[in-house]
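*Asks:* Predicted model and sequence below, questions to follow.
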Amino acid sequence: MAETYSGQVTRVSDGDTLWVKPADGRAPRKLRLQGLDAPEICQAGGETSRHALSRLVADKTVLVTVKYQDDYGRGLARIWVGEKDVAALMVQSGQAWSNRWRRSLGPYAAQESHARASRLGLFADPAAELPRDFRKRVGSCYSGQSWSAKSSSR
C-alpha cells in the first residue's frame with residue numbers, strides 16, 4: 001500500500017535523491033525519485049543535475065507518495081511541487097534519463113524524447129553516458145567498492 005504525505009525538502013544529495021521532513025514531525029526520510037535515473041554525482045552532469053533538482057524543490061513543501069523501497073532502504077517516491085511532477089520536470093529539462101526497464105523506455109520516455117530533440121542538459125552531449133553504464137564501468141561515487149559489490153553487500 002502506498003504511503004502519501006506532505007513535507008519539506010531539507011537536502012538534495014544528487015539528481016535523484018533527496019531528504020523530506022514529513023509535516024507530521026517525523027524524522028526526515030531519504031527518498032529516491034521513482035522513474036528516472038540521474039547522473040552519479042561524480043559523473044559528467046552530476047553536479048548540474050543536483051543543482052537542477054535543488055532549484056525545483058529546496059525548502060519547498062512537496063507531496064510524496066512512496067510505494068516501494070530500493071535496495072538501499074530509500075523510499076522510491078513520486079514527488080510533486082504543487083501540480084508538477086518533479087521527476088517529469090527533471091527528465092524534460094534534460095537533467096536525467098527516463099528509467100529504462102527491459103524493453104521499456106520508462107515512464108518519462110516522452111519527456112526524454114523532447115529533451116533529446118531540443119538538446120537540453122545532458123542531451124546536448126551526444127556521448128552522455130547512462131548512469132547504470134557509468135556505475136558498471138566506474139563503480140559508486142561514494143566508496144571505493146564497485147557498484148555490484150556494494151549492491152550485493154546490502
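*Replies:* Structure received.
*Asks:* rest of the way, CA atoms for contacts and neighbours
*Replies:* Will do.
*Asks:* Could you look up the SS state of S54?
*Replies:* Applying DSSP: H, G, I helix; E, B strand; the rest coil to S54 yields a three-state assignment of helix.
*Asks:* R135 now?
*Replies:* At R135 the chain is in helix, as set by three-state DSSP.
*Asks:* Tell me the spatial nearest neighbour of A96, not counting adjacent residues.
*Replies:* Leaving out its chain neighbours, the residue that sits closest to A96 by C-alpha to C-alpha, 6 or more residues apart in numbering is A38, at 4.2 Å.
*Asks:* residues touching that neighbour, list them.
*Replies:* Contacts of A38 were listed using C-alpha atoms under 8 Å, 6 or more residues apart in numbering, and they are 14-16, 46, 49, 95-97, 131.
*Asks:* E112 and F123, how far apart?
*Replies:* For E112, the distance to F123 (C-alpha to C-alpha, to the nearest Å) stands at 9 Å.
*Asks:* Also T48?
*Replies:* The gap separating T48 from F123 is 13 Å, by C-alpha to C-alpha.
*Asks:* ok, how many other residues are close to the nearest residue to V12 once chain neighbours are set aside?
*Replies:* Nearest non-adjacent residue to V12, counting by C-alpha to C-alpha, 6+ apart: L18, 4.3 Å away. L18 has 23 neighbours, counted by other C-alpha atoms under 10 Å.
*Asks:* Can you tell me the SS state at L18?
*Replies:* Following three-state DSSP, the label given to L18 is strand.
*Asks:* And the pLDDT for it?
*Replies:* Note on L18: pLDDT of 95.
*Asks:* List the contacts of it.
*Replies:* By C-alpha under 8 Å, 6+ apart, the contact set of L18 is 9-12, 30-32.
*Asks:* which residues pair with it across the strands?
*Replies:* Beta-bridge partners for L18, by DSSP bridges, are V12, L31.
*Asks:* Please tell me how far it sits from F123.
*Replies:* Applying C-alpha to C-alpha, the value for L18 to F123 is 23 Å.
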